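[1] Here is my input, please return the structure:
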Amino acid sequence: MFRFFRKNMALIGWSIVGFFGVTMFSGSVFFGFDAIKNRGDNTKQQSSSGEFISLGVYDVDVRPFYQQYQGAMIQYQQSGQKVSPILHEQILFQAFRYAVNQQAYFIASQEEAIEVIKEDVNAIEQEYLLQVNLKDRSSLKKKLKEQKVSYKDFRSQLEKDALVRKFQSQYPSDININTFLIENTFKQFKVDYLVVDNNALSLDQLKQQSDAIVKDLNGGKSIVDLQKTYEGIVSINSFSQPDFQDFLSFDVSLRDQLVKADANTYLDPYCQESSCGIIRLLDVTLKPKPADYNDAEYAASVKNRLQQDKLQRRINQVFDDHPITVYDPLLNSVYLKNQGKLFEALNVYQELLSLNPSDPAPHFFRAEIYVRQGNVSLALQELEKASLKAQMLPETDFAELHVFYGDLLLEDKQRESGFSHYELAFSLVQNNSEFLTLLKERYKQHSFNDQLSKFDDRLAILELEKKEKDEQSRKELDALLEKSDNDVSSSTLVSDSEEEAQRINAEN
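    Purely as a prediction, here's the structure:
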């Protein structure tokens, strides 16, 4: 488990056991973690706590992360599906992204000075009561008390959610749609690109050089000449784009230039971080409107897209201003790998091995990275270690390990060893028809044809079991519906009898 959660398990353990009323609001409404009171506070932090994740000086609230993580884990457990280390990393990363994005929205709402009033929070509380089928606030407080959560802390989470919601509503509300914009969305542009960069220059300096380059290009100088002129100052690289691109696919700062520029004109540079992009407009074409085109519906869809784009740009600015730091090693390994920082990820997986030496999964993921780096020899060494550890602790074994190991062994001409690991994988996925089907293709690919019949036999058994289960479910549903019909009929008969008795009494 995560180092952060192990450290705080005494504080947050009740939420793992109870899992009462998890919601999926736009914010992070979640029972629990009341001991971590600084998380989600609406005051600006001076520095992060150095635990879990931070965005600059802001701690990322752990609650939305655990909300998503635990919800996904429970779904898989209820479905009877084993969560392999690969699937577990996917769940971790989705929960990580959700929590980080929620914190970014919260930071943006503070920086934009969004304010909420009591009625905003009350509205969200009412939604919550309806969602979890609670009668009123008194019932909510009673349920919170059972979970050892104070209403004050719960209410503070609602306030945070209300703040994020209002930001999401108010910030892009100034987007206006007009006929000129709508017509431009049906234009497509063919362009090519120049990229100007020099890590040693500031963004302002790079922008000045790029402005001068655009002036020279539009004045008739060639790219080759400018590459020589600016050698040692900036690098200039050209890229072609063969396909036409939609108007809205371009950055907002370029759109007005595109619709006003003549063919073969270079647009003003678009600069970010350590490089500037320069676009040359080559051609413009129109795409036809669909047969079922509706002005109002299309305008609404364009407005929604532009609003989402504006929100995303604001959140991207938060990430630029408040860089992500991941303190938990398990989450950090997943984050670094997804960022393409493979060398750093290798080191963090090694740290995980020191924390849990019996776990085969870090060896598997180190092997995965080594393969991406082209070092199959080191990958095989890691997979050998992973396989040995899985044999010593069978509950840690997983089929993907043996498929991956088998693939590499077969590529290395070790046919017998590769087959033995395919067989281990087969033994681990007896109840997973999708995995069996994929594994069967591996056997075909490597001509283990005398083994194919066992796949057909097992898949046939699983299909029969599924049909029997479906039939049983259908019978149970029919019985439930029949019981419901009988209850309604009985109620109707009683009601008719009562009405008849009332009629007779009235006549007498």
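
[2] buried ones in stretch 396-414?
    Using 16 or more other C-beta atoms under 10 Å as the test for burial, stretch 396-414 gives 396-410. Placement of C-beta: from N, CA and C, glycine included.

[3] Could you export that stretch as CSV, CA atoms only?
    Taking C-alpha atoms only, stretch 396-414 is exported to CSV below (Å, rounded to 0.1, in the frame of the first residue of the first chain):
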residue,chain,number,x,y,z
THR,A,396,1.3,-12.1,-5.8
ASP,A,397,1.5,-13.9,-9.1
PHE,A,398,-0.3,-12.5,-12.2
ALA,A,399,-0.7,-13.8,-15.7
GLU,A,400,0.7,-10.7,-17.5
LEU,A,401,4.1,-11.4,-15.9
HIS,A,402,4.3,-14.8,-17.5
VAL,A,403,3.0,-13.7,-20.9
PHE,A,404,5.5,-10.8,-21.0
TYR,A,405,8.4,-13.1,-19.8
GLY,A,406,7.3,-15.8,-22.3
ASP,A,407,7.2,-13.3,-25.2
LEU,A,408,10.8,-12.2,-24.5
LEU,A,409,12.1,-15.7,-24.0
LEU,A,410,10.6,-16.8,-27.3
GLU,A,411,12.1,-13.8,-29.0
ASP,A,412,15.5,-14.9,-27.4
LYS,A,413,15.0,-18.3,-29.0
GLN,A,414,14.3,-20.0,-25.6
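
[4] OK, contacts around the most centrally placed residue in the chain?
    Closest to where the C-alpha atoms of the chain average out (C-alpha atoms, centre = their mean) is Gln94, at 3.9 Å. Gln94 makes contact with 68, 72 under the criterion C-beta atoms under 8 Å, 6 or more residues apart in numbering.

[5] rerun that using 10 Å as the cut-off
    The contact partners of Gln94, by C-beta atoms under 10 Å, 6 or more residues apart in numbering, come to 65, 68-69, 72.

[6] shaky segments in the protein?
    For the chain, the stretches flagged by pLDDT under 70 are 1-48, 484-508.

[7] Break it down into its domains, please.
    3-170, 187-287, 413-508 (automatic domain parsing).

[8] from those domains, which stretch is densest packed?
    domain 3-170 (a mean of 17; mean count of other C-beta atoms under 10 Å).

[9] Give me the distance between Arg280 and Pro242.
    14 Å (C-beta to C-beta, to the nearest Å).

[10] Ok, Asp456 next?
    46 Å.

[11] can you check Glu231 too?
    For Glu231, the distance to Pro242 - C-beta to C-beta - is 29 Å.

[12] Okay, helices next: where are they in the stretch 201-350 of the chain?
    203-218, 223-229, 252-260, 295-321, 329-338, 342-355 (DSSP state H, counting those that start in this stretch).

[13] can you list contacts of the third one?
    I take that to be helix 252-260. Contacts of helix 252-260 (C-beta under 10 Å, 6+ apart): 180-181, 183-185, 187, 189, 191, 245, 247-250, 261, 265-271, 277, 279, 281, 284, 306, 309-310, 313.

[14] Pull out the CA atoms of it and give them to me as PDB.
    Presented in PDB, the C-alpha positions along helix 252-260 are these (Å, rounded to 0.1, in the frame of the first residue of the first chain):
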ATOM      1  CA  VAL A 252      -7.200  30.800 -29.800                       C
ATOM      2  CA  SER A 253      -4.400  33.400 -30.400                       C
ATOM      3  CA  LEU A 254      -4.000  32.200 -34.000                       C
ATOM      4  CA  ARG A 255      -7.600  31.900 -35.100                       C
ATOM      5  CA  ASP A 256      -8.100  35.600 -36.000                       C
ATOM      6  CA  GLN A 257      -4.800  35.700 -37.900                       C
ATOM      7  CA  LEU A 258      -5.700  32.600 -39.900                       C
ATOM      8  CA  VAL A 259      -9.000  33.900 -41.300                       C
ATOM      9  CA  LYS A 260      -7.500  37.200 -42.200                       C
END
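
[15] helices and strands around whichever strand or helix holds Ser138, which ones?
    For Ser138, the element it lies in under DSSP states H and E is helix 137-146. Helix 137-146 sits against helix 118-131, helix 151-170, with contacts defined as 3 or more C-beta pairs under 10 Å, 6 or more residues apart in numbering; DSSP states H and E.

[16] let's go with 6 Å and repeat that
    helix 151-170 (3 or more C-beta pairs under 6 Å, 6 or more residues apart in numbering; DSSP states H and E).

[17] Helix or strand next in line after the helix it packs on, which one?
    Using DSSP H and E, the helix or strand that follows helix 151-170 in sequence is helix 179-184.

[18] How far does that following helix sit from its chain's centre?
    Helix 179-184 sits 33 Å away from the centroid of its parent chain (C-alpha atoms, centre = their mean, to the nearest Å).

[19] any idea how far Tyr422 is from Arg415?
    On the measure of C-beta to C-beta, Arg415 and Tyr422 end up 11 Å apart.

[20] give the contact list for the residue nearest to Gln209 when sequence neighbours are not counted.
    The shortest distance from Gln209 to any non-neighbouring residue, by C-beta to C-beta, 6 or more residues apart in numbering, is to Val234 (5.2 Å). Val234 makes contact with 196, 198, 209, according to C-beta atoms under 6 Å, 6 or more residues apart in numbering.

[21] which one among the residues you listed gets closest to Leu353?
    Asn198 (40.5 Å; C-beta to C-beta).

[22] got a list of what Gly116 touches?
    One thing to correct before we go on: residue 116 is Val, not Gly. 162-163, 166.

[23] what's near enough to touch Ile86?
    Ile86 neighbours (C-beta under 6 Å, 6+ apart): Glu400.

[24] do the same with Leu459
    433, 436.

[25] Double-check that it belongs to a helix.
    Yes. Secondary structure of Leu459 (DSSP: H, G, I helix; E, B strand; the rest coil): part of a helix.

[26] For it, give its distance to Phe426.
    Relative to Phe426, Leu459 is positioned 12 Å away (C-beta to C-beta).
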